[in-house]
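Student: Structure of the sequence below:
(chains A and B)
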Amino acid sequence: MKPIVVLGSGLAAYTLVRELRKLDAQRPVTLLTRDSGDYYSKPMLSNGLAQQKTAAGLVLTPAAEIAAQLGLKLHAHCEVNAINLAAHTINTTVGTIEYEKLVLAIGADPIRIPLEGEASDRVLSVNGLDDYARFREALTEARSVAIMGGGLIGCEFANDLAAAGYRVDVIDPGPYPLASLMPEAAGRQLLEPLAALGVNWHFGTSIKSMNSAPDGYQLALNDGAALQTNLVLSAVGLKPRIGLAQQAGLLTGRGIAVDSLLRSSDPDIFALGDCAEINGRVMPYVLPLMQSARALAHTLAGKETPVDFPVMPVAVKTPAHPIAIVPVARDAVGEWHTLDTGDGVKMGFFDGANVLQGFVLTGRFAGERNALAKQVGHLLKA
Amino acid sequence: MKVWQCVVCGFIYNEAEGLPAEGIKPGTAWADIPENWVCPDCGVAKSDFEMVEV
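Tutor: As a prediction, the model looks like this:
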């Protein structure tokens, strides 16, 4: 019997196999990854420092152990060169492998913003365990870090690094933290608590050039400012890995295009997690990935199950001022209203009929996220 | 009092602190959390939880 072949070893890949094993213990599953195959929690990469986690310490289950637990054949440190749709095979660095169903859970690459300057190739990004190990190594000699991007990951790193005693500069062309996710009154709540930890904010500008200096790097910003730092970390976002799918002739948009069954334009190939674009939406968060893994496990076990997304709050892990969001679409019609303030804000996004469509909770309100999530889609007095 | 961590998303449950916002009082042991409780961050069911002591 040809196996189900899963490409990737992140949260999406392993959660899918774990869910599948609850339904079908026998089905042969082969998993290929370019990484070590060790199971770790990616969301912890941006707050591992405060918990004093080394890269090895973030590994929850070593590769050999999880392969045995889940009954899968694991090929670590290997690359997939091509998918042959007609033959139902993949061409890899460990040979040609046949599949019955193929699942792409290959994640996303960090977006790189080109900089001027002779040291511009030394910008770090942390998108996996190996990156994290390199970053931790670099930190041992450093006392300051400049972060490109004041979004979710940038703010989490800023909090984690500042709490550990590093001087942090956050540089973002937007007007305030988390600007793509929430209104200004909510995003600004993060300014003071992180500044108190040692974060210097630089909004409305970006890094122009990066050159070596005696103790690290000299950065020139586009607004004319200059700053010195020991390290530069980029956290400006991710782009789904679509090259392999594109090359095979699968339909792609921003991500690998899939329908509610997580099925690509080839009926035997599926995609989930950060590489997927589900009905036109890329949803690179934990909750959508868990929902996708559960639904796809049922489909692969023989019962076609469309993925259903409930209201899914996103947590921003900034312990200095925690935040929970149910984001609204960029083109959503409605207005933000402040529902409560004091040591944080509670804001709701209401459509024309006064139905709650999304919210932001910061500071002391962050803990109300599950209670308020139940109100989304309902009439609520603004 | 123990501290537990969700292996999927890293969410921390501290028995001493409980989760007052979810109606779980400080001092609630992991064993006393309802079976229908889910991880507030990633939605994994308690029965599926592989919590580790940290």
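Student: And for whichever residue of chain B sits closest to chain A, the neighbour number?
Tutor: Chain A sits closest to B:Ala21 of chain B, with a gap of 2.9 Å, by Cβ to the nearest Cβ. Any C-beta I mention is one placed from the backbone N, CA and C, and that applies to glycine too. By the criterion of other Cβ atoms under 10 Å in any protein chain shown, B:Ala21 has 17 neighbours.
Student: That one reaches A:Ala371, doesn't it?
Tutor: Yes: taking contacts as Cβ atoms under 8 Å, B:Ala21 lies within contact range of A:Ala371: 7.1 Å.
Student: Can you give me every residue that contacts residue 6?
Tutor: Reading this off chain A. Neighbour list for A:Val6: A:Ala13, A:Leu16, A:Val17, A:Val29, A:Thr30, A:Leu31, A:Leu32, A:Leu72, A:Val103, A:Ala105 [criterion: Cβ atoms under 8 Å, 6 or more residues apart in numbering or on different chains].
Student: oops, I was thinking of chain B
Tutor: By Cβ under 8 Å, 6+ apart, B:Cys6 lies in contact with A:Ser41, B:Ile12, B:Tyr13, B:Cys39, B:Asp41, B:Cys42, B:Val44, B:Phe49, B:Met51.
Student: switch the cut-off to 10 Å
Tutor: Listed by Cβ atoms under 10 Å, 6 or more residues apart in numbering or on different chains, the contact partners of B:Cys6 are A:41, A:43, A:286, B:12-13, B:39-42, B:44, B:48-52.
Student: on that earlier part again, pull up the overlap in contacts between B:Ala21 and A:Ala371.
Tutor: Here B:Ala21 and A:Ala371 have A:Leu361 as joint contacts, going by Cβ under 10 Å, 6+ apart.
Student: can you map out the strands along the stretch 201-350 of chain A?
Tutor: A:207-213, A:216-221, A:226-229, A:231-234, A:238-240, A:256-258, A:269-271, A:276-278, A:314-316, A:323-326, A:335-341, A:345-350 (DSSP state E, counting those that start in this stretch).
Student: Which one of those strands has the poorest average confidence?
Tutor: The minimum mean pLDDT among the strands of the stretch 201-350 of chain A belongs to strand A:314-316 (a mean of 90).
Student: Name the strands paired with it and say parallel or antiparallel.
Tutor: strand A:323-326 (antiparallel) (DSSP bridges).
Student: tell me, what residue is most central in chain A?
Tutor: The centre of chain A sits closest to A:Pro284, judged by Cα atoms, centre = their mean, with a distance of 5.0 Å.
Student: Next one, pLDDT for it please.
Tutor: pLDDT recorded at A:Pro284 is 90.
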